[in-house]
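Novice: quick one: sequence and predicted model below, then my questions.
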Amino acid sequence: MTQWSTQHRKAGHALALVPTMGFLHDGHLSLMKEGKHLGDRLVVSIFVNPTQFGPGEDLATYPRNLERDFRLCRETGADAVFTPNTADLYPPGSDTFIFQQKLPNHLCGLSRTGHFQGVMTIVAKLFNIVRPDVAVFGEKDFQQLAVIRRMVKDLNFNIRIVGHPTVRESDGLAMSSRNSKLSPDQRVTAQCLNMALKIAQGSLEKNITDAAILTKNAADFIQSHPETAIDFITICDPDTLENVSKIDKPVLMALAVKVGATRLIDNMILHPNRTPQK
């Protein structure tokens with residue numbers, strides 16, 4: 001992979017990287033199309049990273065379909081697909097990981113201990129192997145995007161990080177490989193995540209600016225749907241991820257909810273003083 005990248009960089013080609021864990025969907029393809037636009041050559045990595053899964057999480061059952069992924073990469077115009085195995089990236093004796101002090105201590109990081117340590121470590125490895133000029137990440141994983149941006153700045157990676165808007169199903173559900181694990185009834189229930197975010201924005205447009213009220217209303221709404229278990233619902237500063245109590249500027253509302261056994265995340269930037277939608 002590094003030899004391929006070096007050859008293209010010497011030829012003056014800008015490289016774009018889209019890191020994925022495979023089981024590609026239209027959200028991934030949207031990131032890949034953005035990568036094609038931003039670089040002369042597009043690399044897609046496919047690797048289910050074990051170090052970002054905690055005990056009892058779905059590493060063993062994470063959906064995989066490598067042949068289909070290859071086909072979609074070809075159809076979307078990827079120039080290279082990098083599919084290392086675990087022994088390639090974590091050989092025996094591996095003992096170095098990347099730690100960040102502040103951003104991981106919010107949102108998903110509170111219940112997924114070590115998750116972002118694993119994310120940062122694997123992304124740094126991919127950056128060092130692929131050597132891209134630009135890398136594209138989805139804004140659905142807002143905290144991941146913030147953590148990666150901080151890591152790149154702090155460790156002096158000469159890589160531009162681009163966030164791409166969340167891609168949604170026709171019913172509003174944020175696209176995720178884990179959506180395939182939902183039953184038809186659970187798919188209907190899962191729509192409540194995006195609906196709760198929209199309800200919060202609507203309340204804010206009616207001058208309800210108390211974050212506690214908005215989060216409680218969202219929790220009540222989600223819990224009124226079957227098979228839901230809330231991990232967190234948080235309204236916070238988009239840059240620091242610190243909680244906000246009174247909303248007087250754009251804020252991030254993020255949530256994680258289990259629908260059945262499947263953990264889903266979603267988020268939205270809420271805007272005060274926005275003209276109500278008709």
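Specialist: Received it, and whenever you're ready, just let me know what you need.
Novice: what's the nearest residue to Q201 if we skip its chain neighbours?
Specialist: L270 (5.3 Å; Cβ to Cβ, 6 or more residues apart in numbering). Glycine gets a C-beta too; all of them are placed from N, C-alpha and C.
Novice: where in this protein is pLDDT low?
Specialist: By pLDDT under 70, the low-scoring segments of the chain are 274-278.
Novice: coming back round to it: mind listing what the residue nearest to Q201 touches?
Specialist: By Cβ atoms under 8 Å, 6 or more residues apart in numbering, the residues touching L270 are 197, 200-201, 204, 214, 235, 247, 250-253.
Novice: how does it look with 6 Å?
Specialist: Contact analysis of L270 by Cβ atoms under 6 Å, 6 or more residues apart in numbering lists 201, 204, 251, 253.
Novice: ok, which pair from the residues you listed is furthest apart?
Specialist: The largest separation in these, counting by Cβ to Cβ, is between Q201 and V251 at 10.6 Å.
Novice: next, count neighbours for I199.
Specialist: Applying other Cβ atoms under 10 Å, we find 15 other residues in the vicinity of I199.
Novice: quick one: the helices in the stretch 51-200 of the chain?
Specialist: Secondary structure of the stretch 51-200 of the chain, counting by DSSP state H, counting those that start in this stretch: helices at 66-76, 86-89, 108-111, 115-130, 142-154, 184-205.
Novice: please identify the buried residues of the second one?
Specialist: In terms of neighbour count (16 or more other Cβ atoms under 10 Å), helix 86-89 has its buried residues at L89.
Novice: save the contacts of L270 as a markdown table, and put in neighbour count and distance to T51 too.
Specialist: Compiled in a markdown table, the contacts of L270 are given as follows (neighbours: other Cβ atoms under 10 Å; distance: Cβ to Cβ, whole Å):
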| residue | neighbour count | distance to T51 |
| --- | --- | --- |
| Q201 | 18 | 36 |
| L204 | 23 | 38 |
| V251 | 25 | 31 |
| M253 | 24 | 29 |
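Novice: which among those gets closest to E67?
Specialist: Nearest to E67 among the contacts of L270: M253, at 38.1 Å, using Cβ to Cβ.
Novice: I am finished for the moment; much appreciated.
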